[in-house]
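Novice: Fold the following and give me the result.
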Amino acid sequence: MEQSQVPIAYGEHLFTLNDFNDCLMHRYANVVQPDAAICGGISEGKSVASLARTFGIQVALHCAAGPAALAANLHLAAAAPNVTMLEYAFTVDRVWQAMVQEPMFSPSSLRHGMLSVPDGPGLGLSINEEIWAKNPYVPPARTDRMPAWSLGYI
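Specialist: Below is the predicted model:
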């Protein structure tokens, strides 16, 4: 990090508070990017943001796992005062919009560069159950070349 002229942002591959602590202790990043969908949820994400604040490090949330993950990250952003931004992919907008009842996360929903925090029950999403029923999740077939942890079997 000391040798780079460009600030380093990292965290989308860190999964626990301890992972983020190690990253911050060693000054591996100028900005940490927790994702509530993979770092232990909204509460753990808040802990990561608090830890980052103690190190004087910025927090820019990362999200690439679908509309439920985006909703969780928006709630995290609203709960952690030192979150400066949230990164998510517009390229999957068409798919994400089919998954929920209202077009709450499309680029047309941005107001002054921001998305609203969903305010309904739970994470605030109304899931399009018909689409989910037509496209159920099927785990990949396990092969000997792939470690068991990569497929979620451990």
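
Novice: which residues touch the helix or strand of the chain with the lowest mean pLDDT?
Specialist: For the chain, the helix or strand with the lowest mean confidence is helix 93-99, at a mean of 73 (criterion: mean pLDDT, DSSP states H and E). With contacts defined as Cβ atoms under 8 Å, 6 or more residues apart in numbering, helix 93-99 is touched by Gly66, Pro67, Leu70, Pro103, Phe105, Ser106, Pro107, Ile127, Asn128, Ile131, Trp132. Placement of C-beta: from N, CA and C, glycine included.

Novice: List the residues that contact Asn82.
Specialist: Counting by Cβ under 8 Å, 6+ apart, Asn82 touches Ala49, Ala52, Arg53, Gln58, Val59.

Novice: again, only using 6 Å
Specialist: Contact criterion Cβ atoms under 6 Å, 6 or more residues apart in numbering gives Ala49, Arg53, Val59 as the residues in contact with Asn82.

Novice: Show me which of the contacts of helix 93-99 are buried.
Specialist: Among the contacts of helix 93-99, those buried by neighbour count (16 or more other Cβ atoms under 10 Å) are Gly66, Pro67, Leu70, Phe105, Asn128.
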